[in-house]
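>>> generate a structure from the sequence data that follows.
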Amino acid sequence: MDTIFDYLDWRGDVPFSVSPFNEVDNYIVCKIGCCDFDGIVPEDAAGVPLGAALADYFKRTGNSDYFGALASQSLGPVLRRLPETVRFRDMRLCSFVRRALPEQTEQFSALTVLLPDGTAYVSYRGTDDTLYAWKEDCMMALSGAVPAQRDAADYLRTVAVALPGALRVGGHSKGGNLAVYAAAQADASIQSRITDIYNNDGPGFDEGFLASPGYLAIRDKILTLLPQFSIVGTLLLQDSSNCAVVRSNRFGIPAHDGFNWGVRGTAFLRSDALSRSSRAFDATMEQVLGEMDMAQRREFIDTLFRLLSASGAVTLSDINERRLRKSLSIARGMAKEKTVSRFVVDVLEQMVKEYIAASARQLRQHLPGRREK
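Residues are numbered from 1 along each chain as shown. Okay, here's the model as predicted:
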C-alpha cells in the first residue's frame, strides 16, 4: 500500500498551480504544527520561510526526530523532505501560539501556513502522549466548550483579521475537532472565506453542536477522515454526511497516524467501513454517554482517568495490557462497593479487548499468507 512517502516521490515536483491542494496535502501541512516553533515563528502574521523555520527547529533540538512518544516516527523524515520539494518549499509559517496548562486540563497549539496558491491553512495541533491531554479529548463529551476549543475560535478570528483571502482550516486528532469548532463559531464573514475544513481522525461532537446554526453553515465544507481502525475519531458523534473511512496499514492506536494511511493519486485510499473492533468501541461509548447527563459524564471521565493513572501510567505509551487489567481490577472492586459506576467497568473491559485484538492483528500482519479483513 502506497503512503505519503510515495506521494512525495510522485507529487513533490508538482506545484499547486498544476495540481490543486488536496486532502493528502492537508495532512502533511497540518503536521508541520507538531514542531514547537516558540521563538522561531512569531505570533503575528509576518511569515517565516518553511525551510528556515525547520532548520532552526532541528538545530535547537539537536537534529532530533523525536516529537513525543505518541508522535509518528515518520514525522521527522517527512518534514525534512518538504523544503526539498517544489510543491512545499515556498510555504511560509506565521502566527504560532502554544500553551499547556495541566491543572486546567488544557493543551493548545496552532500555526498558520501560507500556501503558494495564495490561501492560508490554519492548523491546530492534536493530542500529545500525556493522559491529561487525552482527558481533554474526552472532556469534549461535555456540553459547552473546553478551554482549547475557545482558544481555537479566538485564534481563527485573530488570523482572519490579520490575513486577507481564502482560508483552509484543519488538524489531526484533537486538532481536527478544534478546526471544526473554530469554523462553526466564526462570524459569517469569516465562514464565507473558508474553502475547506479538515478533521483528520479527531473526536466528534454532541447532538446540540451538530444541530447548531454555526455548524450547519459550514458542514458542507468539512471532510472528516477516519482510519478503518479508528478509536479517537469515534469519540462522540460524527456527521456521516462528511465522513470518509480510509485504509491504514496499521492497527489500534498506530492506525491514528496518517502517515500509515494508504494513498492513491491525490487522495487517501477509501475503505468500506470501520473495523469490527472500532464499531464495538464506538457502540460502547455511545451507550455509555447516551445514558448519562452532563454531570455524570464529567464524573465518568474523571473516574476513568484516575483509574488509568492509578495503574502507574502517566502517558498513553505507558498503557499496556498489564496496566489496563490493573485499572480494570480496581474498577471492579470499586463497583462492588458502589463507589464507581458499571459504565467505567464496561469501558475498561472494552479497552482490554481492543488492546488484545490490536496486538493479535499486528502479529497476524507479519505472518506469511495472512491478511487483516
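>>> low pLDDT regions in the stretch 151-300 of the chain?
Applying pLDDT under 70 to the stretch 151-300 of the chain flags residues 231-237, 252-253, 277.
>>> can you give me the helices in it?
174-185, 188-191, 207-210, 213-218, 276-290, 294-310 (DSSP state H, counting those that start in this stretch).
>>> kindly report the same for the stretch 1-150 of the chain.
Using DSSP H, counting those that start in this stretch, helices in the stretch 1-150 of the chain cover 4-11, 23-31, 50-60, 75-81, 131-139, 147-162.
>>> quick one: the residue nearest to Tyr155 when sequence neighbours are not counted from Leu54, how far?
Using Cβ to Cβ, 6 or more residues apart in numbering and skipping the chain neighbours, the partner closest in space to Tyr155 is Ala110 (4.9 Å). Where C-beta positions appear, they are placed from N, C-alpha and C, glycine not excepted. According to Cβ to Cβ, to the nearest Å, Ala110 and Leu54 sit 18 Å apart.
>>> also Asp201?
Distance of Asp201 to Leu54, given as Cβ to Cβ: 24 Å.
>>> of these two, who's got more company?
Of the pair Asp201 and Leu54, Asp201 is the one with more neighbours under other Cβ atoms under 10 Å, namely 29 against 20.
>>> surely that one touches Pro227?
Yes. Here Asp201 lies in contact with Pro227, judged by Cβ atoms under 8 Å, at a distance of 6.1 Å.
>>> about what we covered before: winner for burial among the helices of the stretch 151-300 of the chain?
Among the helices of the stretch 151-300 of the chain, helix 174-185 has the highest mean neighbour count (mean count of other Cβ atoms under 10 Å), at a mean of 28.
>>> so it versus helix 131-139, what angle?
Interaxial angle of helix 174-185 relative to helix 131-139 (axes from the mean of the first three to the mean of the last three Cα atoms, to 10 degrees): 40 degrees.
>>> mind giving me the packing neighbours of helix 174-185?
When contacts are defined as 3 or more Cβ pairs under 8 Å, 6 or more residues apart in numbering; DSSP states H and E, helix 174-185 packs onto strand 106-114, strand 120-124, helix 131-139, helix 147-162, strand 167-172, strand 194-200, helix 213-218, strand 222-227.
>>> nearest to Phe37, out of these?
Distance to Phe37, taken as Cβ to Cβ, is lowest for strand 106-114 among the helices and strands packed on helix 174-185, at 6.7 Å.
>>> need the contact list for the residue nearest to Val245 when sequence neighbours are not counted.
Distances taken as Cβ to Cβ, 6+ apart place Ser271 nearest to Val245, at 4.6 Å, with adjacent residues excluded. By Cβ atoms under 8 Å, 6 or more residues apart in numbering, the residues touching Ser271 are Gln228, Val245, Val246, Arg247.
>>> now those in a markdown table, with distance to Phe37 and neighbour count?
Below are the contacts of Ser271 laid out as a markdown table (distance: Cβ to Cβ, whole Å; neighbours: other Cβ atoms under 10 Å):
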| residue | distance to Phe37 | neighbour count |
| --- | --- | --- |
| Gln228 | 33 | 23 |
| Val245 | 33 | 22 |
| Val246 | 28 | 22 |
| Arg247 | 32 | 19 |
